[in-house]
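A.B. asks: I'll drop the sequence and a predicted model, then ask my questions.
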Amino acid sequence: MEGIVVQGLRKQFDPPRGPVAADDLSFDIREGEIFSLLGPNGAGKTTTISMLSCLLRPDVGDARVGGFSVTREPGKVKELIGVVPQDVALYEDLTGRENLLFWGRMYGLKGPRLTQRVDEVLELIGLVDRQKDRLGKYSGGMKRRVNIGAALLHNPRFLYLDEPTVGIDPQSRRSILDGVKDFKAAGVTVLYTTHYMEEAQELSDRIGILDKGKMIALGTKDELVHLVGEHTRIEVTLDREAQSLAAQWRDLPRVLDVSEPEDGRLWLLAEDANTLMPRLFEGARAAGARITEINLAEPNLETVFLHLTGRALRD
Amino acid sequence: MRRVWDIAMKELLQNRRDWLAPLFTLVLPAVFTAFLGLLIPSADEGESRLPLALADADGSPAAVRLVEGLRETPLLRLEPMTASEVDGAVQDQKVAAALIIPEGFGAAVEAGQPAALTFVGVQTSSGAQSVRQAVWSVLSGFNTATLAAKAAAGQVAAETGRPLDDTLLGSARSLVEASLAAPAATVRVTDARGSATLDAGSFDQSSTGSLVNWVFFSLLGVTANTVWERSRGLLRRMTAAGVRGSQIIGGKMLAMVILSFVQQLLLVLLGQFAFGVDYFSSPVALLVTMVSISMLAAAFGLLITSLFRSEQAVIATIIITALLLAALGGAWFPLEITGAGFSRVAHVLPSAWLMDSLHGITLQAWGVGDILRPMAVVWMWVVGLLAIAVWRFRPD
């Protein structure tokens, strides 16, 4: 069965001078996989999800979801997808169960089928015991779970989750990530957006890295890391601020990039860490500084983003 | 249609859980109806009569007849006191004026001699002038009856040779009073349509006015909630679930119509059974008017939610709109007491036509045919407001 095929999507807000939130995006999401869109805030993740949800019409291009066009057959597409918005979009003065009943009705469910699905979803999100409490009394994590549950009521083939773990405690975050894996196990195709590299790494079959509306890399985690080559990220903590040291290190051979120092901390992207390390200590000593901590990190998605954009994901 | 109903039911559930909703929907309107009803004097209440101090120093049958005539005057409320007390009562404004019937008044009247009464009042007081007019009117009738009876008795005595005694005078007086009770020429007074509120009871105005004044306040919950839903992405989420914009609008509209109609129904029942307002002379006309009020309020509510993005702006706009429409449309006071120019301008507003219809139903037993014209104006407003609201409505 066909998953999601995106062809040349473009969206500019307030043209002609406004920001281009999606710039000629083309990618595909296979049926049954977890596909993550990774990128910093403002990269265009929410805009892309909005276009794939038929909430925002692209200026150019089209996408097919389950074989239906988002521009020409939005009604068909909406029947196939469940959308979990970035912010909790629920009613605080209704109970958890009432919220699910309402959203189930919005998805066209009714009668015994509605009741059955609400019971199943409450079980799935682990809130059977709290179903009669008003949402205003729930913790942030519980609200997030209901927020996700509301998108599952109609058994969607495709589930879009737009940064669902922002601002919640680690326990709830773990619960959501495990839940996403369960959705995949149940055959649901998941489109997951995040700016947390760790989440994308843990969850995804494939990852698309977005920056300023452009898809700058796409592939499995291993394929993406391979783009960086044998680079190592060296994180250095000094006993004082060292602007001049950072500039000096930038000129060292095999150093690809050095971040701006902040509170005595900075990182370097280097090709051969073993050769480089003694030089770093020498340079610090010559500059009258002392390295108090040094860490070597294998290449990861953060390194990839850094390599491709020269900026950290959270910049 | 099912989604429209589901959205409306969700709104009603949220409204039921809002503790402020019953306050604005029923409690405050009921309190204001009672308060304004008690504040506005009614045409048929005794307290609205002007107090006249009456000192009868004579006590003769003629004086008693005059006092009876004064007592039957709708404008006056008699307060008997002695001649020495009347000056102080007038000066202290305990009474609007005073009338002294001197000793010997009856004897002078019987003898055909001039009999002078003493009227005490502040010349510049409009109340005193009104009382004087009423006293003069009663005196005129009294003089007419007395002189006519005397003339008739004299004629009978002359023609039949009967003595002109008290018996004959009494018979003649009875005959004259009976004739005056059914005068040959009368003036028939009719109300010009639309001016009925001049004779309205106090609650006729306050109760009908509350229907128009408070209907917008019943929609505060739904309108503020709609803006909140938009800002929190709930309307957008509905759209992502496949709910059409027209279904969202329909659900909101249905909830507003139900809420405002229930409010009106409660106020109508309160007015009918607690304050004696005659709402049910034509139930169909009343129903049409109530539905029109609800539709107008809902259309205004939708328009405001379409135009404004913050809850504070929506609440402020609804309150200002409600107060302006009520005040200028005659919900606070009858437009008939304003100038013709003001009334004409006020009838640009739908609230003025709604008040016309409500006053017509409660005071003049208007039927469906009578309310067609005002309701046509109201529905033009409804259609116009709805068209703009739908055009401007955005889920995000």
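C.D. replies: Looks like it came in fine.

A.B. asks: give me the pLDDT for the nearest residue to B:Gly301 once chain neighbours are set aside.
C.D. replies: With sequence-adjacent residues excluded and distances taken as Cβ to Cβ, 6 or more residues apart in numbering or on different chains, B:Gly301 is closest to B:Leu219, at 4.3 Å. Yep, even glycine has a C-beta here, placed from its N, CA and C like the rest. pLDDT, B:Leu219: 84.

A.B. asks: gap between B:Leu219 and chain A?
C.D. replies: Distance of B:Leu219 to chain A, computed by Cβ to the nearest Cβ, to the nearest Å: 17 Å.

A.B. asks: any idea how many residues pack against A:Glu230?
C.D. replies: For A:Glu230, the count of nearby residues is 11 (other Cβ atoms under 10 Å in any protein chain shown).

A.B. asks: quick one: contacts for residue 8?
C.D. replies: In the absence of a named chain, chain A is used. Going by Cβ atoms under 8 Å, 6 or more residues apart in numbering or on different chains, A:Gly8 touches A:24-26, A:60-62.

A.B. asks: the intended chain is chain B.
C.D. replies: Taking Cβ under 8 Å, 6+ apart, we find B:Ala8 in contact with B:251-252, B:254-255, B:258.

A.B. asks: host element of it?
C.D. replies: For B:Ala8, the host element (DSSP states H and E) is helix B:2-17.

A.B. asks: quick one, what contacts A:Phe68?
C.D. replies: Contacts for A:Phe68 (Cβ under 8 Å, 6+ apart) come out as A:76-77, A:80.

A.B. asks: repeat that with 10 Å
C.D. replies: A:2, A:54, A:74-81 (Cβ atoms under 10 Å, 6 or more residues apart in numbering or on different chains).

A.B. asks: gap between A:Ala284 and A:Ala247?
C.D. replies: In this view, A:Ala284 and A:Ala247 are 13 Å apart by Cβ to Cβ, to the nearest Å.

A.B. asks: so what's the residue count around the residue nearest to B:Gly301?
C.D. replies: B:Leu219 sits with 31 neighbouring residues when counted by other Cβ under 10 Å.

A.B. asks: ok so it is a helix residue?
C.D. replies: Yes: checked against DSSP: H, G, I helix; E, B strand; the rest coil, B:Leu219 lies within a helix.

A.B. asks: how much space separates it from A:Asp93?
C.D. replies: As judged by Cβ to Cβ, B:Leu219 and A:Asp93 stand 17 Å apart.

A.B. asks: helix/strand/coil for B:Leu372?
C.D. replies: Secondary structure, three-state DSSP: B:Leu372 is helix.

A.B. asks: that one: neighbour count?
C.D. replies: Quick note: B:Leu372 (other Cβ under 10 Å) scores 12 neighbours.

A.B. asks: I'd assumed B:Ala285 was in contact with it.
C.D. replies: Yes: with contact taken as Cβ atoms under 10 Å, B:Leu372 and B:Ala285 are classed as touching, separated by 9.5 Å.

A.B. asks: what sits in contact with each of those two?
C.D. replies: Common neighbours of B:Leu372 and B:Ala285 (Cβ under 10 Å, 6+ apart) are B:Ser357.

A.B. asks: list the contacts of the longest helix along chain A.
C.D. replies: In chain A, with assignment by DSSP state H, the single longest helix is helix A:170-185. For helix A:170-185, contacts defined as Cβ under 10 Å, 6+ apart pick out A:32-34, A:36, A:82, A:84, A:124-126, A:139-145, A:147-149, A:152, A:156, A:159, A:161, A:164-169, A:188-190, A:192, A:196, A:198-199, A:202-205.
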